[in-house]
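Enquirer: need a structure here:
(4 chains)
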2 protein chains.
Amino acid sequence: MAASVNVIDVARHAGVSLGTVSNVLNRPERVSPATRDRVLASIDELGFIRNEAARQLRVGRSRTIGLVVLDMGNPFFTDVAAGAESAASAAGLSVVLCNSAENVDRENANLNLLQEQRSYGILITPVTSKLTRIDEIRRHGTPAVLVDRGSSRNRCSVSVDDVVGGQLAVAHLVSLGHRRIAFVGGPMRLAQVADRLRGAHLAWAAGGRDPDQILVMEIPALKVSEGRRIGEAIALMPKQERPTAVFCANDLVALGLLQEMTRQRITVPGEIAIVGYDDIDFAAAAAVPLTSVRQPRWQLGEAAAQVLIEEVSEPKTHRHRQIVFEPDLVVRESTVPRAMP
Amino acid sequence: MAASVNVIDVARHAGVSLGTVSNVLNRPERVSPATRDRVLASIDELGFIRNEAARQLRVGRSRTIGLVVLDMGNPFFTDVAAGAESAASAAGLSVVLCNSAENVDRENANLNLLQEQRSYGILITPVTSKLTRIDEIRRHGTPAVLVDRGSSRNRCSVSVDDVVGGQLAVAHLVSLGHRRIAFVGGPMRLAQVADRLRGAHLAWAAGGRDPDQILVMEIPALKVSEGRRIGEAIALMPKQERPTAVFCANDLVALGLLQEMTRQRITVPGEIAIVGYDDIDFAAAAAVPLTSVRQPRWQLGEAAAQVLIEEVSEPKTHRHRQIVFEPDLVVRESTVPRAMP
DNA sequence: GATGTGGATTGATACGTTTTTACGAATCGG
DNA sequence: CCGATTCGTAAAAACGTATCAATCCACATC
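Expert: Numbers count the residues shown, from 1 in each chain, chains lettered A, B, ... in the order given. Presented below is the predicted three-dimensional model:
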């Protein structure tokens, strides 16, 4: 490595003190234009690159927001990340994406990392409903905002009303006349899944139906492959017992299910209607375009980052906020057959 | 913030010197089990969290690999990232994902950040063929490995042979008897796009055909929306001039095109056959399952991280390596109609 | 000409860790 | 029981930056 040049070398080269160099870097308005240009020239000539670690050590906090998501492969979360990044970079911050993969241990490892790095703050979609670890981190000085997950008054959160989402989905199926429906989702420790199921139950019960009639098929993870597995199980059911509609806890599962239905030559929506959740871009491009509950993904990330930044930059006046967006239903051909041309 | 506790506090609390605490943290085998346990207990009790910035400042290099990708929303790259992360975490490192969005300025901003952070190393799919900036960074002491992009002898790279990929795709179309084909991709400054087109030309010319017969439709970015735009353009062409097959530079574009074809009631593969590239998971779940050129995405990321780690940990014996994987073609119904049941 | 003013610049210090060197204690073979 | 060797600990010296109080200087004011 070319002996790394530091702020002292720059100062010497420009004939100023190191304090001035630091000022050029951090408060350029304080230093006269002539000196500033000289220093900048030296920086350029020497190839000086500020050492972020040293800066951070001195300041005590990094300029990086940690975003811990449940599944990096799910476009829902990359969209959330894009929104967060937009708000962050507007404030001169950056975002690192951490993947917990719905796994408590990985979540903890990620949180440890972020804490050791003295992150500016943490945005997280938690793996469980136990938020003790997160509260502990906050008590320790690193603010955290819950993403895609509501919270009580004592924390900040930005979420979408999943109960309403579940209601929208099932109310839609009910209005189409379905009498045997299934819910596919899990693990139930994910608040999103539990809430969507709760919404489903509410909508089902609204017409005086027995909520227990909803066939709940729990899966260990919200992945395409789990959707396919459930599809195999459904294909094995005798046709008269088979649900005529399935509400999936997210689009990946729904796409997996749809794929398996196609493979098994079970028509959608003819024999089985499918509703997904998230309305990721691929939902519209699916074999049968997917009816799905749309969430404002990008805004979710943006709002979360903004709330976090607000908490850090105005700690005095900050009051914890719980922002809740409303989802809406996008009806496509996986529930309503396209009018034939 | 609860006055942050440091290694000195821990040492005092455990009745040892701070050097011992550091040893417990970094070379636990050097310290007696009794002392070690005492120190660990103190760490736990005091809630000590190692300050990574200070550590890094001292050591001179971070424990984080930067991975700069062209499109965070493309599942291809998240799979690459997963592979890289696997190799990294095996070596006690972590990976931060940076999105250049096919944009030179964003790429540079990301590289600046990684350089200021004294990254362990950089994995990058560059936006242009100008690699001067990357070489400069390497000269400065941060090793970099090209991902999904070949290189000459003087750099490390891990890639998939895109020329072969293009050949596979077009040879397949030729074997199906297509006489008018189009290539959709861009921008051409992306080596991947240029190489895939070159492969296409080679395969086309192989039968003595005029390479210029391939209709090249250039797009500014490899996104779903661009695929849709091209789809609109194709739909407007008189049917006898329309290509009977389209080779898309990646699956996102192919999915967008497919979506628009469906919307316009142009049958696939009947009126137009489509070949994609990358074989992302969603390709198989598309309206018409997509024929695509498969790349070993995960292995790409894994190998890249391994090569990087090798370069850093054995700088003496390290010789730059160019690893090239072979792609293969996955034929699905977007080119070959499914036999009717 | 003395004094005041305000902006520009300086230089010392602290941030929290890792590493190195030196030294003390304990262990082992002879 | 002694000397040699190993093992573990202690103390101090960086690492490169931001900050802040102090100083300097030029210029305007009286």
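
Enquirer: quick one: residues contacting the residue minimising distance to the centre of chain A.
Expert: Geometric centre of chain A, nearest residue: A:Phe77, 4.1 Å, by Cα atoms, centre = their mean. Going by Cβ atoms under 8 Å, 6 or more residues apart in numbering or on different chains, A:Phe77 touches A:Val69, A:Leu70, A:Asp71, A:Thr125. For the C-beta atoms, the positions are set from N, CA and C on the backbone; glycine is no exception.

Enquirer: same question, A:Thr125
Expert: A:Val68, A:Val69, A:Leu70, A:Phe77, A:Ser100, A:Leu146, A:Val147, A:Asp148, A:Arg149.

Enquirer: will you turn those into TSV that also has secondary structure and pLDDT?
Expert: TSV is the format used below for the contacts of A:Thr125 (DSSP: H, G, I helix; E, B strand; the rest coil; pLDDT from 0 to 100):
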residue	secondary structure	pLDDT
A:Val68	strand	97
A:Val69	strand	97
A:Leu70	coil	97
A:Phe77	helix	97
A:Ser100	coil	96
A:Leu146	strand	98
A:Val147	strand	98
A:Asp148	coil	97
A:Arg149	coil	94
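
Enquirer: assign the residue of the stretch 1-150 of chain A found nearest DNA strand C to helix, strand or coil.
Expert: Nearest residue of the stretch 1-150 of chain A to DNA strand C: A:Gly19, at 2.5 Å (Cβ to the nearest atom of the strand). Judged by DSSP: H, G, I helix; E, B strand; the rest coil, the three-state class of A:Gly19 is helix.

Enquirer: tally of neighbours for it?
Expert: 11 (other Cβ atoms under 10 Å in any protein chain shown).

Enquirer: what mean pLDDT does the helix or strand containing A:Val164 have?
Expert: Using DSSP states H and E, A:Val164 maps to helix A:162-175. Here helix A:162-175 scores 98 as its mean pLDDT.

Enquirer: centre of the chain to that helix, how far?
Expert: Using Cα atoms, centre = their mean, to the nearest Å, the mean C-alpha position of helix A:162-175 is found 22 Å from that of the whole chain.

Enquirer: who's in contact with that helix?
Expert: A:181, A:191-192, A:195-204, A:206-207, A:214, A:245, A:247, A:273, A:275, A:277, A:291, A:293, A:295, A:326-329, A:331, A:335.

Enquirer: list the buried residues of that helix.
Expert: The neighbour-count criterion (16 or more other Cβ atoms under 10 Å in any protein chain shown) identifies A:162-174 as the buried residues of helix A:162-175.

Enquirer: likewise stretch A:194-206?
Expert: A:Ala194, A:Asp195, A:Arg196, A:Leu197, A:Gly199, A:Ala200, A:His201, A:Leu202, A:Ala203, A:Trp204.

Enquirer: wasn't A:Phe247 part of a strand?
Expert: Yes: A:Phe247 sits within a strand when classified using three-state DSSP.

Enquirer: and it, how far is that from A:Asn74?
Expert: A:Phe247 sits 18 Å away from A:Asn74, taking Cβ to Cβ, to the nearest Å as the criterion.

Enquirer: comparing these two, which residue is more hemmed in?
Expert: Comparing A:Phe247 with A:Asn74 by neighbour count (other Cβ under 10 Å), the higher total belongs to A:Phe247, at 33 against 22.

Enquirer: beta partners of the more buried one?
Expert: A:Phe247 has the following beta-bridge partners by DSSP bridges: A:Phe183, A:Val275.

Enquirer: thought it was touching A:Ala200?
Expert: Yes: here A:Phe247 reaches A:Ala200: they are 5.8 Å apart, a contact under Cβ atoms under 8 Å.

Enquirer: mind listing the shared neighbours of these two?
Expert: A:Gly166, A:Ala169, A:Val170, A:Phe183.

Enquirer: low-scoring stretches of chain A, by residue?
Expert: A:1-3, A:339-341 (pLDDT under 70).

Enquirer: now with 80?
Expert: Within chain A, the stretches with pLDDT under 80 are A:1-3, A:338-341.

Enquirer: what parts of it come near DNA strand D?
Expert: Within reach of DNA strand D by Cβ under 7 Å from any atom of the strand, chain A has these residues: A:4, A:6-8, A:18-19, A:22-23, A:25-26, A:48-51, A:54-55, A:57-59.

Enquirer: helices of chain A, start to end?
Expert: Under the criterion DSSP state H, helices of chain A are mapped to A:7-14, A:18-26, A:33-46, A:52-59, A:75-90, A:104-116, A:132-139, A:162-175, A:191-206, A:224-236, A:251-263, A:281-284, A:297-313.

Enquirer: most tightly surrounded among those helices?
Expert: helix A:251-263 (a mean of 26; mean count of other Cβ atoms under 10 Å in any protein chain shown).

Enquirer: that one close to chain B?
Expert: Yes: figure legend: helix A:251-263 in contact with chain B (Cβ under 8 Å from any Cβ of the partner chain); contacting residues A:Leu255, A:Gly256, A:Leu258, A:Gln259.
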